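A.B. asks: the sequence isn't on hand, but the structure is:
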């Protein structure tokens, strides 16, 4: 049984399990969705499998990680949102991605705010960062809406320009 981290009005945020592999592969193989994630390229099934394995280890070793975002109405995994270690800045970052059917419905803001609050108030992180591709205006608006402030611009671990936001 999946460990539920939190619930919002429309969503359940829970730990990722190996049984989520096919659904996460579907999400992470979407070219348009992955345009602003990582190196901008869709992930292979092997990459998604490795990512799931690392995520599950993070729960045990760090006490937090990336989580499955589940639509309460359909009980379907619609994306992910979590707190992960950024190699590029040596800090914890908020990350999120949702399938296109859920864009422009306030779901990104809803889940990002909930996971941010979890990180600050439950886990007691002192600072959380988020990095955004400079062209990803909708994601920038989400971060600003939930209280993040622009911090700096630098290349990420893939050598791509990223805008870094932070909240304390």
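C.D. replies: Received it, and whenever you're ready, just let me know what you need. As the structure is a prediction and not an experimental result, all values here were calculated from the model. Residues are numbered from 1 along each chain as shown.
A.B. asks: can you tell me the SS state at residue 80?
C.D. replies: strand (DSSP: H, G, I helix; E, B strand; the rest coil).
A.B. asks: got it, and residue 37?
C.D. replies: coil.
A.B. asks: not counting its neighbours along the chain, what's nearest it?
C.D. replies: residue 97 (5.7 Å; C-beta to C-beta, 6 or more residues apart in numbering). To be clear about C-beta, it is placed using only N, CA and C from the backbone, and glycine gets the same treatment.
A.B. asks: can you name the residues bridging to the one you found?
C.D. replies: Here residue 97 sits in beta bridges with residue 80, going by DSSP bridges.
A.B. asks: and for it, the neighbour number?
C.D. replies: Using other C-beta atoms under 10 Å, residue 97 has 20 neighbouring residues.
A.B. asks: what's the burial count for residue 161?
C.D. replies: Neighbours of residue 161 (other C-beta under 10 Å): 12.
A.B. asks: what sits against it?
C.D. replies: Residues in contact with residue 161 (C-beta atoms under 8 Å, 6 or more residues apart in numbering) are 133-134, 153-155.
A.B. asks: in this protein, which segments are predicted with low confidence?
C.D. replies: 33, 39-40 (pLDDT under 70).
A.B. asks: related to what we said a few turns ago, pull the contacting residues for the residue nearest to residue 37.
C.D. replies: 27, 33-34, 37, 79-81.
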